[in-house]
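**Q** return a 3D structure for these sequence lines:
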Amino acid sequence: MNTRFDTRVLIETARANTGLRDFGEGDFESGLEKIVHALENEALLSDLGRVVWQNRLLGLLTQRLHVEDWYRRHPEIEDQQIKAPIFIVGLPRTGTTALSHLFACDPAIRSLRVWESAEPTPPPEASTHTSDPRIARAAAQIAALRLLSPDLAAMHEDTPTGPTEHQDLLGMSFCTNHFLGMAWMPSYAKWYYDCNMVEAYAYHRRVLKLLQWHCPPTLWHLKSPSDSFALDAIVQTYPDARFVMTHRDPSRVLASVCSLISTVQEMTGGRPDPSALGEAELGGWVLAIQRSLRERDEVAKSHFVDLHFHELLDDPLAAIESTYAELGMPLSKAAREAFQAHIAANPRGKHGEHQYALSEWGLDDATVRRAFDFYIDRCDVRIES
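**A** Below you'll find the model as predicted:
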């Protein structure tokens, strides 16, 4: 494949490869064009990185074509209902992954699993959801990533059957903050922070309907700190959505985020300028929390639950139990036993410790905390020594 990024070539290649033409309703080309421009003109990509990104973009286009084909052949999928989904939001590196894995233990809750996120078609079947061939493909991809970057396992936990963030679903509309973690693309960041996310979440809902069609349960838990940029679009799409907002000292968050992003971007190209990355991540996440707190003021208090990092760290079982209670959700014996088993099998540091320092990114504790003082005060965030 020609590794020059070109929007029309990508679109027509996806069509040619699948024999399908209909990408469905909603604007996906605006975001794709912005990414293509940034990848061609700003991203620090190696030859391998260019191939990885070509395959990534082509894969998202291909999956969107297949989603629409399933709806064309089975219009009854549209009748599926997504009711009162639970979104885990807040800053990244605040325990969102650990909390997500706990929710995923509950047999009454539907999680977005790594293997089906990457390949949502054909829609999963309840009878084969533990033996689907996509599981092996996802496992191979995770293993390959760990070979490229052995440090990645200590930074972020992924298993093929475990829960994942829903960047692939938003990625089909090419509107997701996750792209910014994969390559240095300041022009895409500027566009993304100002774009209307309603159509992206509408397509997100469309994919969830497909995924639950033959594979219940239908009570979804969804996790992505990047949702903090667009709670208004989520509420517009899912009016009965509930939110668990996780909290941690932002100075610890930013150091960890920058370290993770730098590691990911080094796998496909050059390391971004550390100070520029630190400044960009600080500005972006301040904006995300400002927006989420503003939207929170417009949502019923009963739809929001707060959970602090130290609470989850000190007693994860008590933390998930209290979260269920505040959400008004029943906690079954089976779920509680599954929580206990997961906690026992996954002590902190199981995959190694992630080492980082804020100074590497041209930042210091005082600067970060000053930028987030509105958040620290309002949400009673504990300062870490």
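**Q** what's around Gly18, how many residues?
**A** In this structure residue 18 is Thr, not Gly. 15 (other CB atoms under 10 Å). All C-beta atoms are positioned from the backbone trio N, CA, C, and that covers glycine.
**Q** so the residue nearest the centre of the chain, which state does it fall into?
**A** Centroid-nearest residue in the chain, with CA atoms, centre = their mean: Glu165, separated by 3.1 Å. Classification of Glu165 using DSSP: H, G, I helix; E, B strand; the rest coil returns coil.
**Q** what is the neighbour count of the residue lying closest to Ile383 once chain neighbours are set aside?
**A** Using CB to CB, 6 or more residues apart in numbering and skipping the chain neighbours, the partner closest in space to Ile383 is Asp249 (5.4 Å). Neighbours of Asp249 under the rule other CB under 10 Å: 22.
**Q** equivalent analysis for Arg72, please.
**A** Count around Arg72 with other CB under 10 Å applied: 11.
**Q** that older thread, per-residue confidence at the residue nearest to the centre of the chain?
**A** Glu165 is assigned 97 on the pLDDT scale.
**Q** next, count neighbours for Arg8.
**A** Neighbours around Arg8, by other CB under 10 Å: 10.
**Q** and Thr246, what does it touch?
**A** Residues near Thr246 by CB atoms under 8 Å, 6 or more residues apart in numbering: Ile88, Val89, Gly90, Leu91, Thr94, Gly95, Thr96, Leu99, Leu307, His308, Phe309, Leu312.
**Q** walk me through which strands the helix or strand containing it pairs with, and which way each runs.
**A** For Thr246, the host element (DSSP states H and E) is strand 242-247. Partner strands and pairing direction for strand 242-247 (DSSP bridges) are strand 86-90 (parallel), strand 304-308 (parallel).
**Q** pLDDT-wise, which helix or strand of this protein ranks last?
**A** Every helix and strand of the chain was ranked by mean pLDDT, DSSP states H and E. The lowest is helix 152-155, at a mean of 69.
**Q** quick check: next helix or strand after that one?
**A** Next along from helix 152-155, by DSSP H and E: helix 167-171.
**Q** in the protein, where's the longest helix?
**A** The longest helix of the chain (DSSP state H) is helix 47-73.
**Q** tell me the helices and strands packed up against that helix.
**A** helix 7-18, helix 29-41, helix 167-171, helix 198-212 (3 or more CB pairs under 8 Å, 6 or more residues apart in numbering; DSSP states H and E).
**Q** so which of those comes closest to Arg113?
**A** Distance to Arg113, taken as CB to CB, is lowest for helix 198-212 among the helices and strands packed on helix 47-73, at 9.1 Å.
**Q** measure how the closest one sits relative to helix 29-41, angle-wise.
**A** 100 degrees (axes from the mean of the first three to the mean of the last three CA atoms, to 10 degrees).
**Q** CA atoms only: put helix 198-212 into CSV for me.
**A** What follows is helix 198-212 as a C-alpha-only set of coordinates in CSV (Å, rounded to 0.1, in the frame of the first residue of the first chain):
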residue,chain,number,x,y,z
VAL,A,198,-23.1,14.4,19.0
GLU,A,199,-22.9,12.5,15.7
ALA,A,200,-19.9,10.5,17.0
TYR,A,201,-21.8,9.3,20.0
ALA,A,202,-24.9,8.6,17.9
TYR,A,203,-22.7,6.2,15.9
HIS,A,204,-21.3,4.9,19.1
ARG,A,205,-24.8,4.0,20.2
ARG,A,206,-25.4,2.4,16.8
VAL,A,207,-22.4,0.0,17.3
LEU,A,208,-23.5,-0.8,20.9
LYS,A,209,-26.9,-1.9,19.6
LEU,A,210,-25.2,-4.2,17.2
LEU,A,211,-22.9,-5.7,19.9
GLN,A,212,-25.7,-6.4,22.3
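**Q** packing partners of that helix?
**A** helix 47-73, helix 167-171, helix 231-237.
**Q** most tightly packed of those helices?
**A** helix 167-171 (a mean of 24; mean count of other CB atoms under 10 Å).
**Q** which elements pack onto that one?
**A** Short answer (3+ CB pairs under 8 Å, 6+ apart): helix 167-171 packs on helix 47-73, helix 114-118, helix 178-182, helix 198-212.
**Q** got TSV for these, with distance to Lys34 and mean pLDDT too?
**A** TSV is the format used below for those (distance: least, CB to CB, whole Å; pLDDT from 0 to 100):
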stretch	distance to Lys34	mean pLDDT
helix 47-73	12	97
helix 114-118	23	97
helix 178-182	9	95
helix 198-212	13	99
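**Q** circling back to that earlier point, which of the contacts of Thr246 are buried?
**A** Using 16 or more other CB atoms under 10 Å as the burial test, those include Ile88, Val89, Gly90, Leu91, Thr94, Gly95, Thr96, Leu99, Leu307, His308, Phe309, Leu312 as buried.
**Q** figure out which of the helices and strands packed on helix 167-171 is closest to Arg382.
**A** helix 178-182 (26.1 Å).
**Q** dump the strands paired with strand 242-247 to a markdown table, plus distance to Pro239 and mean pLDDT.
**A** Below are the strands paired with strand 242-247 laid out as a markdown table (distance: least, CB to CB, whole Å; pLDDT from 0 to 100):
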| stretch | distance to Pro239 | mean pLDDT |
| --- | --- | --- |
| strand 86-90 | 13 | 99 |
| strand 304-308 | 14 | 98 |
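**Q** can you redo these as CSV with distance to Ser187?
**A** Shown next, in CSV, are the strands paired with strand 242-247 (distance: least, CB to CB, whole Å):
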stretch, distance to Ser187
strand 86-90, 26
strand 304-308, 34
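**Q** state the distance from Met182 to Tyr192.
**A** Look at Met182 and Tyr192: by CB to CB, to the nearest Å, they are 13 Å apart.
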